[in-house]
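Asks: fold the following, please.
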Amino acid sequence: MSVMQTASALTLYTIIIVAVVQDLRSMKISNRLILTGLLLSLAFGFILGGVPRIPHILLNMSFPVIVLYLLYLLGVLGAGDIKLFSIIGGFTNLKTLTGCIVTAFILGAAAGIVKMLYNRNLWFSLFKGQQFVKGLFLGNVCSYRETMAEERNLMHFSPAILAGLLVTMGWEYFC
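Replies: Below you'll find the predicted structure:
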(Lines give C-alpha, C1' and ligand atoms only; values in the text may rest on other atoms or scores of the structure.)
Protein backbone atom coordinates (compact mmCIF):
# COMPACT_ATOMS: atom_id res chain seq x y z
CA MET A 1 0.00 0.00 0.00
CA SER A 2 1.44 3.36 -1.04
CA VAL A 3 1.67 6.39 1.21
CA MET A 4 -1.20 8.04 -0.67
CA GLN A 5 -3.41 4.95 -0.34
CA THR A 6 -2.68 4.85 3.38
CA ALA A 7 -3.51 8.56 3.69
CA SER A 8 -6.74 7.96 1.79
CA ALA A 9 -7.75 5.09 4.09
CA LEU A 10 -6.89 7.07 7.23
CA THR A 11 -8.88 10.03 5.94
CA LEU A 12 -11.89 7.79 5.32
CA TYR A 13 -11.70 6.27 8.82
CA THR A 14 -11.33 9.71 10.40
CA ILE A 15 -14.38 11.08 8.59
CA ILE A 16 -16.51 8.08 9.56
CA ILE A 17 -15.37 8.23 13.20
CA VAL A 18 -16.19 11.95 13.40
CA ALA A 19 -19.60 11.18 11.88
CA VAL A 20 -20.24 8.51 14.52
CA VAL A 21 -19.39 10.98 17.29
CA GLN A 22 -21.72 13.60 15.76
CA ASP A 23 -24.50 11.03 15.37
CA LEU A 24 -24.17 9.82 18.96
CA ARG A 25 -24.21 13.38 20.29
CA SER A 26 -27.04 14.88 18.27
CA MET A 27 -28.65 12.14 16.12
CA LYS A 28 -27.42 14.13 13.10
CA ILE A 29 -24.36 14.10 10.85
CA SER A 30 -23.16 17.48 9.64
CA ASN A 31 -23.58 18.17 5.93
CA ARG A 32 -20.28 20.05 6.13
CA LEU A 33 -18.56 16.81 7.15
CA ILE A 34 -20.39 14.91 4.38
CA LEU A 35 -19.35 17.46 1.75
CA THR A 36 -15.76 17.38 3.02
CA GLY A 37 -15.74 13.58 2.77
CA LEU A 38 -17.15 13.58 -0.75
CA LEU A 39 -14.69 16.22 -1.97
CA LEU A 40 -11.72 14.48 -0.32
CA SER A 41 -12.72 11.17 -1.90
CA LEU A 42 -12.75 12.86 -5.30
CA ALA A 43 -9.37 14.47 -4.60
CA PHE A 44 -7.76 11.20 -3.50
CA GLY A 45 -9.34 9.38 -6.42
CA PHE A 46 -7.93 11.93 -8.85
CA ILE A 47 -4.47 11.74 -7.27
CA LEU A 48 -4.46 7.94 -7.23
CA GLY A 49 -6.10 7.26 -10.59
CA GLY A 50 -6.34 10.46 -12.58
CA VAL A 51 -9.31 11.67 -14.59
CA PRO A 52 -10.35 8.16 -15.74
CA ARG A 53 -11.13 7.24 -12.13
CA ILE A 54 -13.60 10.10 -11.54
CA PRO A 55 -16.63 8.44 -13.25
CA HIS A 56 -16.10 5.31 -11.13
CA ILE A 57 -16.00 7.41 -7.97
CA LEU A 58 -19.18 9.25 -8.94
CA LEU A 59 -20.92 5.95 -9.69
CA ASN A 60 -19.81 4.53 -6.32
CA MET A 61 -21.08 7.67 -4.56
CA SER A 62 -24.44 7.39 -6.33
CA PHE A 63 -24.92 3.67 -5.69
CA PRO A 64 -26.04 3.97 -2.02
CA VAL A 65 -28.43 6.80 -2.85
CA ILE A 66 -30.06 4.76 -5.62
CA VAL A 67 -30.17 1.48 -3.70
CA LEU A 68 -31.10 2.79 -0.24
CA TYR A 69 -33.36 5.74 -1.08
CA LEU A 70 -36.56 3.74 -0.56
CA LEU A 71 -35.43 2.86 2.98
CA TYR A 72 -34.93 6.57 3.62
CA LEU A 73 -38.41 7.40 2.27
CA LEU A 74 -39.90 4.75 4.56
CA GLY A 75 -38.07 6.23 7.57
CA VAL A 76 -36.01 3.09 8.13
CA LEU A 77 -32.67 4.74 7.39
CA GLY A 78 -31.50 8.32 7.89
CA ALA A 79 -30.17 10.55 5.14
CA GLY A 80 -26.86 10.88 6.98
CA ASP A 81 -26.40 7.12 6.94
CA ILE A 82 -26.87 6.98 3.17
CA LYS A 83 -24.46 9.89 2.76
CA LEU A 84 -21.87 8.01 4.85
CA PHE A 85 -22.20 5.04 2.51
CA SER A 86 -21.67 7.46 -0.39
CA ILE A 87 -18.44 8.69 1.17
CA ILE A 88 -17.30 5.10 1.64
CA GLY A 89 -18.13 4.45 -2.01
CA GLY A 90 -16.04 7.44 -3.03
CA PHE A 91 -13.00 6.18 -1.16
CA THR A 92 -13.37 2.49 -2.03
CA ASN A 93 -14.70 0.33 -4.85
CA LEU A 94 -18.16 -1.13 -5.48
CA LYS A 95 -17.24 -4.54 -4.02
CA THR A 96 -16.01 -3.00 -0.76
CA LEU A 97 -19.00 -0.65 -0.60
CA THR A 98 -21.49 -3.48 -1.12
CA GLY A 99 -19.73 -5.62 1.48
CA CYS A 100 -19.79 -2.70 3.90
CA ILE A 101 -23.53 -2.11 3.36
CA VAL A 102 -24.42 -5.77 3.88
CA THR A 103 -22.17 -6.10 6.93
CA ALA A 104 -23.49 -2.86 8.45
CA PHE A 105 -27.08 -4.08 8.08
CA ILE A 106 -26.24 -7.43 9.70
CA LEU A 107 -24.41 -5.73 12.58
CA GLY A 108 -27.15 -3.11 12.90
CA ALA A 109 -29.79 -5.82 13.09
CA ALA A 110 -27.82 -7.63 15.79
CA ALA A 111 -27.42 -4.37 17.74
CA GLY A 112 -31.13 -3.69 17.34
CA ILE A 113 -32.04 -7.09 18.75
CA VAL A 114 -29.71 -6.54 21.71
CA LYS A 115 -31.27 -3.10 22.30
CA MET A 116 -34.80 -4.53 22.17
CA LEU A 117 -33.84 -7.28 24.60
CA TYR A 118 -32.30 -4.67 26.91
CA ASN A 119 -35.44 -2.50 26.66
CA ARG A 120 -37.58 -5.62 27.17
CA ASN A 121 -39.69 -4.86 24.13
CA LEU A 122 -38.47 -7.40 21.56
CA TRP A 123 -41.84 -9.05 20.95
CA PHE A 124 -43.73 -5.76 20.89
CA SER A 125 -41.20 -4.27 18.45
CA LEU A 126 -41.32 -7.35 16.22
CA PHE A 127 -45.12 -7.14 16.22
CA LYS A 128 -45.02 -3.43 15.31
CA GLY A 129 -42.44 -4.17 12.59
CA GLN A 130 -44.65 -6.92 11.21
CA GLN A 131 -47.62 -4.53 11.20
CA PHE A 132 -45.51 -1.98 9.32
CA VAL A 133 -44.47 -4.49 6.64
CA LYS A 134 -48.03 -5.82 6.36
CA GLY A 135 -49.27 -2.25 5.90
CA LEU A 136 -46.75 -1.71 3.10
CA PHE A 137 -48.04 -4.76 1.25
CA LEU A 138 -51.60 -3.50 1.65
CA GLY A 139 -50.64 -0.11 0.21
CA ASN A 140 -50.54 1.79 3.51
CA VAL A 141 -47.22 3.54 3.02
CA CYS A 142 -46.20 5.41 6.14
CA SER A 143 -42.97 6.26 7.90
CA TYR A 144 -41.38 3.57 10.06
CA ARG A 145 -40.35 6.31 12.49
CA GLU A 146 -44.01 7.21 13.01
CA THR A 147 -44.96 3.56 13.48
CA MET A 148 -42.16 2.96 15.99
CA ALA A 149 -42.45 6.39 17.59
CA GLU A 150 -41.00 5.43 20.97
CA GLU A 151 -37.64 7.16 21.40
CA ARG A 152 -36.12 4.08 22.97
CA ASN A 153 -36.69 2.15 19.74
CA LEU A 154 -34.56 4.54 17.66
CA MET A 155 -30.92 3.66 17.24
CA HIS A 156 -27.80 5.19 15.80
CA PHE A 157 -26.81 3.34 12.64
CA SER A 158 -23.46 5.07 12.07
CA PRO A 159 -21.60 2.81 14.54
CA ALA A 160 -22.80 -0.20 12.51
CA ILE A 161 -21.56 1.54 9.35
CA LEU A 162 -18.13 2.08 10.94
CA ALA A 163 -18.03 -1.52 12.13
CA GLY A 164 -19.15 -2.73 8.70
CA LEU A 165 -16.35 -0.74 7.08
CA LEU A 166 -13.73 -2.09 9.48
CA VAL A 167 -14.90 -5.69 9.05
CA THR A 168 -15.06 -5.41 5.26
CA MET A 169 -11.70 -3.69 4.92
CA GLY A 170 -10.12 -6.15 7.35
CA TRP A 171 -11.61 -9.09 5.50
CA GLU A 172 -10.27 -7.81 2.18
CA TYR A 173 -6.85 -7.09 3.68
CA PHE A 174 -6.38 -10.47 5.33
CA CYS A 175 -8.03 -12.64 2.66
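Asks: could you report the neighbour count for residue 25?
Replies: For residue 25, the neighbour count with other C-beta atoms under 10 Å is 9. Where C-beta positions appear, they are placed from N, C-alpha and C, glycine not excepted.
Asks: element containing it, please.
Replies: Per DSSP states H and E: residue 25 is located in helix 3-26.
Asks: ditto for residue 155
Replies: Remark: residue 155 resides in no helix or strand, with elements defined by DSSP H and E.
Asks: change the start of the numbering to 5 and stick with it
Replies: Done: numbering now begins at 5, and the last item shifts to residue 159.
Asks: right, and it touches residue 112 too?
Replies: Yes - if you go by C-beta atoms under 8 Å, residue 159 and residue 112 touch, sitting 7.5 Å apart.
Asks: who has more neighbours, these two?
Replies: Neighbour count, other C-beta under 10 Å: between residue 159 and residue 112, residue 112 has more, with 21 against 15.
Asks: excluding chain neighbours, what is closest to the more buried one?
Replies: In space, and not counting its chain neighbours, residue 112 is closest to residue 164: 3.7 Å by C-beta to C-beta, 6 or more residues apart in numbering.
Asks: can you name the helix or strand that that neighbour falls in?
Replies: Here residue 164 is assigned to helix 162-178, by DSSP H and E.
Asks: quick one, that helix and helix 7-30 angle?
Replies: 160 degrees (axes from the mean of the first three to the mean of the last three C-alpha atoms, to 10 degrees).
Asks: fine by me, we can end here.
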